[in-house]
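Asker: Based on what follows, work out the 3D shape:
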Amino acid sequence: MAGAAAASVLPFSTAVMAQTAAAPMDKAKLPILAGGDFATATSQLAQTKASNAAVREFAKMEIAEQAAVAQAFGAQPGSAGIPADKAAMLEQLQAASGAAFDMMYIDGQIAGHRELRALHRAYARSGQDPMARGASMVGVTGIDSHLFILENLKRQI
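Answerer: Numbers count the residues shown, from 1 in each chain. I've put the predicted structure just below:
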């Protein structure tokens, strides 16, 4: 199964080249989009594998939110790909089940949301695209809300 996961994960540099070939992309957006692609991929797994109903509901919300962020950033969900350093965690999630899956997913979302919060703060201050800057400004408070939800979910599992 790990081989299948590795085959389905587009290396970050390849995704960047594919995006660049299709249309010029503000390179400052790529880490945010890649983080969103990782959040989406892990949340898609959680929708089917999570044993906790609240975790599945969070995953559904996360997928919709990351699609909206990608749109505000002028991209399609999945266009940046999953960074190579995150591919191993995706493989581990694919292999996990039950409460162990739920905890691994929540821990990954907490770490990912903390990274995204810092990236969105920076883009909100100095990003070149006004629509994406606005999404980042709003995104920071949304991420804070998600972190609150995730920490509460972690205590329940």
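Asker: Which helix runs longest in this structure?
Answerer: helix 98-126 (DSSP state H).
Asker: what about the helices in the chain?
Answerer: Secondary structure of the chain, counting by DSSP H: helices at 2-8, 12-22, 30-49, 53-72, 84-95, 98-126, 130-156.
Asker: Which strands or helices does the last one pack on?
Answerer: Pointing back at helix 130-156 there. helix 53-72, helix 98-126 (3 or more Cβ pairs under 8 Å, 6 or more residues apart in numbering; DSSP states H and E). Backbone N, C-alpha and C define where each C-beta goes, glycine included.
Asker: Can you say which of those is nearest to Thr42?
Answerer: helix 98-126 (5.8 Å; Cβ to Cβ).
Asker: and the angle from that closest one to helix 53-72?
Answerer: Helix 98-126 and helix 53-72 are oriented at 30 degrees to each other (axes from the mean of the first three to the mean of the last three Cα atoms, to 10 degrees).
Asker: Would you mark the buried spots in helix 98-126?
Answerer: Within helix 98-126, the residues that count as buried by 16 or more other Cβ atoms under 10 Å are 101-106, 108-110, 112-113, 115-117, 119-120, 123-124.
Asker: Then stretch 37-56?
Answerer: Within stretch 37-56, the residues scored as buried using 16+ other Cβ under 10 Å are 37-43, 45-46, 49-50, 52, 55-56.
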